[in-house]
Each structure stands twice: as C-alpha cells, then as structure tokens.
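1. Sequence and predicted structure are below.
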Amino acid sequence: MTSVCSVIFDLDGTLVDSAAAIQLALNHALSLHGLPVLPLDLVRGFIGRGVPHLMDCVGRQIGMDPSSAQFISVSNAFSARYARQQHGNLLFDGVIEALQDLQESNVALGLCTNKPMDAARTVLQHTGIDAFFSVVVAGDSLPTRKPDPEMLWAARDRMGPAPCLYVGDSEVDAEAAHAAGIPFLLYTRGYRKIAAEELAPWRIFDDFGALGGLVGCFVKEMPQA
Ligand SMILES: O=C(O)COP(=O)(O)O
C-alpha cells in the first residue's frame, strides 16, 4: 500500500536524549589517556554536526592539536566506545507511542542522523525503535553530512513519492531541511541554541502526543504526488 506521507526524523535531541551517552563515551576515551573529563552541558553543545565536529570542539576545549598522535588515539577510543554505547540514551516521552500511531496510519518512517551508522544502530536497538524505520541514512553513509541537503534527499528518495516532512531539533536540521526544500517540523526540547522562530519551521511541538495531529495537518495541506 502506498504511504500517505513520509516522515524523516533526526535522532540526537529529537527522538533520543543522547547527550549523557555521548559524554560517557567521550570521558571514557579522555580518562584512558589521562586527560580531564568534560561536563555534560559543554558536551551537549558539541552535538549536531557529527563526530569530526565533536572531536574538533573537544580538541579546542582541551588545547590539543587534532593531528597529534595522542589526539588521534583519543578519537579512535571514543569512536570504538561510541559504536556500542547504550547506557545514557533515553527516548523522549511519548516517542514509542507516536511512532506506533504513525505506522498504524500508514506513514512511512525514516531516520537521518549525523551519528555514524554503528552508533545509530546501537541506540535504535537499545531504545527499541529500530524496526519502525524503513530507511536510515547516517553520518558516514554519504560523503557529506547535514546541513548539506544530500542526506535528506537520499532518505526521501528511498521512501517513495509521497509528500515528505522532516522532524528535527536543531539549527543543523533546520538548515538541512530548508536547503533540501523539505518542510521542517521543530521539536523544541532538544539541543537547539537559538529561538525556535529563528529556525523558520513549518510548525513546532514540545510533546510527542501532538505529533500525529501535526502529521495529519501536513497531509491535508500538502498536494499529494
Ligand atoms: O551525531 C551528531 O552530532 C548529531 O546527530 P543527529 O543528526 O542525530 O542530531
């Protein structure tokens, strides 16, 4: 059966509060190398543009040259731990019920995250939402990452011709959606650093209980393919 629409989700800060998990993996790698650990609020601010950006921020923060052998060893230790980091990943309230409702309403569900695929799959499986997504495009799936629109286009094209909506929490997500020409629905309890209206979303929401109704509005507003 053809889907009524496709909804693509961001992962970190949208479906899953993953900042504590990322901090745990990072601090494990830093401690292994005798380096100071970093606080949660700081690490949360580094999330959104994938691992290379995160590690650039860490390097600047601890005053290490990113091309030094020790820093490369920290990055490798982080990536190895991150790929299997389960603890510290928490679904936002109402996510499972909202995904179930959408699936029962014949909405195709996809995921587009700057997290590497192995780390993304670990989180999806650990939180029990892996099976909802027919398409997953991750931070190492393509040569570019969000905010470049390619990842969103790749996800959308694999999901079929139905109208497509992107749900995310951050500046990076808004920029990617606008560049891709895909309507952007902003979840406001994530890792955004600026005011919601500055991200020019199609709509905003702060409760997953409202998602089904918003997707229903989207289907009514959008011309069908
Ligand atoms: O890995 C990151 O930095 C962010 O991942 P996200 O695209 O799911 O927010």
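-> Arrived safely, thanks for sending.
2. my guess is Ala119 meets Gln85, correct?
-> Yes: contact criterion C-beta atoms under 8 Å: Ala119 and Gln85 qualify, at 6.9 Å. For the C-beta atoms, the positions are set from N, CA and C on the backbone; glycine is no exception.
3. Compare the two (neighbour count), which wins?
-> Taking neighbours as other C-beta atoms under 10 Å, Ala119 and Gln85 compare with Ala119 leading, 27 against 23.
4. pLDDT wise, what is the more buried one at?
-> pLDDT recorded at Ala119 is 98.
5. which of the residues in the helix or strand where it lies are buried?
-> In this structure, Ala119 sits in helix 117-126 according to DSSP states H and E. Across helix 117-126, burial judged by 16 or more other C-beta atoms under 10 Å covers Ala119, Ala120, Arg121, Thr122, Val123, Leu124, His126.
6. Next, the buried residues of the host helix or strand of His178.
-> In the assignment (DSSP H and E), His178 maps to helix 171-180. Residues of helix 171-180 classed as buried: Glu171, Val172, Asp173, Ala174, Glu175, Ala176, Ala177, His178, Ala180 (neighbour count, 16+ other C-beta under 10 Å).
7. repeat for stretch 62-72
-> Those would be Met64, Phe71, for stretch 62-72 by 16+ other C-beta under 10 Å.
8. I'd like the average pLDDT over it.
-> The average pLDDT for stretch 62-72 rounds to 95.
9. Nearest spatial neighbour of Asn106, chain-adjacent residues omitted?
-> Val4 (5.3 Å; C-beta to C-beta, 6 or more residues apart in numbering).
10. What of Ile204?
-> In space, Ile204 is closest to Leu186, 4.5 Å off (C-beta to C-beta, 6+ apart).
11. what's the distance between the residue nearest to Asn106 and Cys164?
-> Distance of Val4 to Cys164, given as C-beta to C-beta, to the nearest Å: 11 Å.
12. Which of those two has more residues huddled nearby?
-> Taking neighbours as other C-beta under 10 Å, Val4 and Cys164 compare with Cys164 leading, 27 against 17.
13. That'll do, ta.
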